[in-house]
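Asker: I'll drop the sequence and a predicted model, then ask my questions.
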Amino acid sequence: MALFDEWFHKAHEFLHDVMKETEVDDERKAMRITKAVLHALRDRLDPREGKDFAAQLPMVFKAVWCEGWDPTKGPDKSIKKKVDFLERVMKEPGLVPSDIKDLAEAEKYTRGVFRAVKKHVTWGEIEDVINELPEEIRELWEG
């Protein structure tokens, strides 16, 4: 049972870092937003890089990352600009309409999720991810 307790603790810690960084005080909403951001990132990355990145996430978020993922598809190159990425976040199935009201809020939440990720994933892996992204999307990792 200790293993599952550890997984729960790490997932809880990660989610609470997201809540702090996004200023969202509802765990369910924070989870939906985190899922939306991780899925948008996953879909933009080469599957091999996505696998490397996901390996460093807490176990529960590895499962979130993999939900609905088809790693045989390459990166979605239609996500070229920051607005494309943010629109993808906003279109995530499972979001409640009130979760993200506009692009500005999508950007705030995306930046917050990325700040939380930086606390749980090595800088080397984050650099690998950032280097795969178009310039405008890289900016979302700043701050």
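Answerer: That came through, no problem.
Asker: all helices of this structure, in order?
Answerer: For the chain, the helices defined by DSSP state H occupy 2-22, 27-44, 47-54, 59-66, 82-90, 103-118, 123-132, 135-138.
Asker: nearest to residue 97, out of those helices?
Answerer: helix 82-90 (10.0 Å; C-beta to C-beta). Yep, even glycine has a C-beta here, placed from its N, CA and C like the rest.
Asker: check contacts around residue 17.
Answerer: With contact taken as C-beta atoms under 8 Å, 6 or more residues apart in numbering, residue 17 is in contact with 115-116, 119-120.
Asker: make a markdown table out of the residues you listed and add distance to residue 27.
Answerer: Below are the contacts of residue 17 laid out as a markdown table (distance: C-beta to C-beta, whole Å):
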| residue | distance to residue 27 |
| --- | --- |
| 115 | 18 |
| 116 | 13 |
| 119 | 18 |
| 120 | 17 |
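Asker: in contact with the closest residue in space to residue 51 that isn't next to it in sequence, which residues?
Answerer: Closest residue to residue 51 apart from its sequence neighbours, by C-beta to C-beta, 6 or more residues apart in numbering: residue 71 at 7.0 Å. Residue 71 makes contact with 47, 50-51, according to C-beta under 8 Å, 6+ apart.
Asker: quick check: the gap between residue 71 and residue 50.
Answerer: Distance, residue 71 to residue 50, using C-beta to C-beta, to the nearest Å: 7 Å.
Asker: who wins for neighbours among the contacts of residue 71?
Answerer: Counting neighbours by other C-beta atoms under 10 Å, the top entry in the contacts of residue 71 is residue 50, with 22 neighbours.
Asker: count of residues packed around the closest residue to residue 79 other than its chain neighbours?
Answerer: Nearest residue to residue 79, sequence neighbours excluded (C-beta to C-beta, 6+ apart): residue 44, at 4.6 Å. Neighbour count for residue 44, taken as other C-beta under 10 Å: 23.
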